[in-house]
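Enquirer: Fold the following.
(2 chains)
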Amino acid sequence: AQRVTQPEKLLSVFKGAPVELKCNYSYSGSPELFWYVQYSRQRLQLLLRHISRESIKGFTADLNKGETSFHLKKPFAQEEDSAMYYCALRTGGGNKLTFGTGTQLKVEL
Amino acid sequence: NAGVMQNPRHLVRRRGQEARLRCSPMKGHSHVYWYRQLPEEGLKFMVYLQKENIIDESGMPKERFSAEFPKEGPSILRIQQVVRGDSAAYFCASNREQADTQYFGPGTRLTVL
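Expert: As a prediction, the model looks like this:
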C-alpha cells in the first residue's frame, strides 16, 4: 500500500534562511507527487505538482525516485510562508490522494 | 467561481445522532472526493463519486457511513449513530476530470459530544 511520510511535525526557521520540508513516499509504481499548503484560516490549496516542474512562490520540489523523496525547498524563507504543508501522492490511474501528516512551518523574524 | 463549498462549517452532535455534511463542487466539476482528518493525522481518503455514482469507496468505514452525489444538488456524506471517534474535520474536493488537480473545500469540523 502507498504511504507518505513527513517526519517533521514542526519546522521553525528564521526569515531569510533556507527551508527544506521533507517528504518520503512508498509506492512501487510511477507516483504523482503534490505539495499542498494550508495558510491560517484558509482552505487547503495546491502549491505544486512534480509533473509541472514549476516554481511557485519560490518553492521547488524534485522527485527523486531512487530515494523515494519529494522534498520541498525554498532558498530564503519569508514570514508569509508560515503555514501547514502537506505532501500527497496519487498512484497511477487512481483518483485518491494519500497525504502525509503535514509539517507546520514557522518562519520567525 | 466560488470554489468548493461545504456546510455546515461546524457541526455538533450527541452520540447516537445523525450527521449530514454537504459539499457543492466547483462549477463544471463532476468529480467529488471526501477525506477525513482525525486529530494529529493527515487527510485520509474516504470516497470518490461522480454524479449519481460511487466510483471508489475503499476508504469508507463499513458501517454507519454513506455518501451520495445526486443528479441535482450537493454531495452528502451521512454518518448515522455518531460516536466520539467520528469527531474530525471532513474535507471535500472536486475536479473536472479524473487526472486534474483536486480543489478543496474549507472543511466541516464535526464534534461528537
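
Enquirer: now the strands for chain A?
Expert: Remark: strands assigned in chain A by DSSP state E are A:3-5, A:10-14, A:19-21, A:24-26, A:31-38, A:45-49, A:60-61, A:72-74, A:83-91, A:97-99, A:103-108.

Enquirer: Check chain B too.
Expert: Counting by DSSP E, one finds strands in chain B at the ranges B:5-7, B:10-13, B:19-24, B:31-37, B:43-50, B:53-56, B:65-68, B:75-79, B:88-95, B:103-104, B:108-112.

Enquirer: quick one on the thing from earlier: out of the strands of chain A, nearest to residue B:80?
Expert: Between residue B:80 and those, the shortest separation by CB to CB is 26.1 Å, and it involves strand A:97-99. C-beta: built from backbone N, CA, C; applies to glycine.

Enquirer: elements contacting that closest one?
Expert: Strand A:97-99 makes packing contacts with strand A:3-5, strand A:83-91, strand B:31-37, strand B:43-50 when contacts are defined by 3 or more CB pairs under 8 Å, 6 or more residues apart in numbering or on different chains; DSSP states H and E.

Enquirer: Please work out which of those strands is packed deepest.
Expert: Highest mean neighbour count of the helices and strands packed on strand A:97-99: strand B:31-37, a mean of 24 (counted as mean count of other CB atoms under 10 Å in any protein chain shown).

Enquirer: Pull up the per-residue confidence for the residue nearest the centre of chain B.
Expert: Using CA atoms, centre = their mean, the residue of chain B that lies closest to the mean C-alpha position is residue B:34, 3.8 Å off. We note a pLDDT of 97 for residue B:34 in this prediction.

Enquirer: Good, wrapping up.
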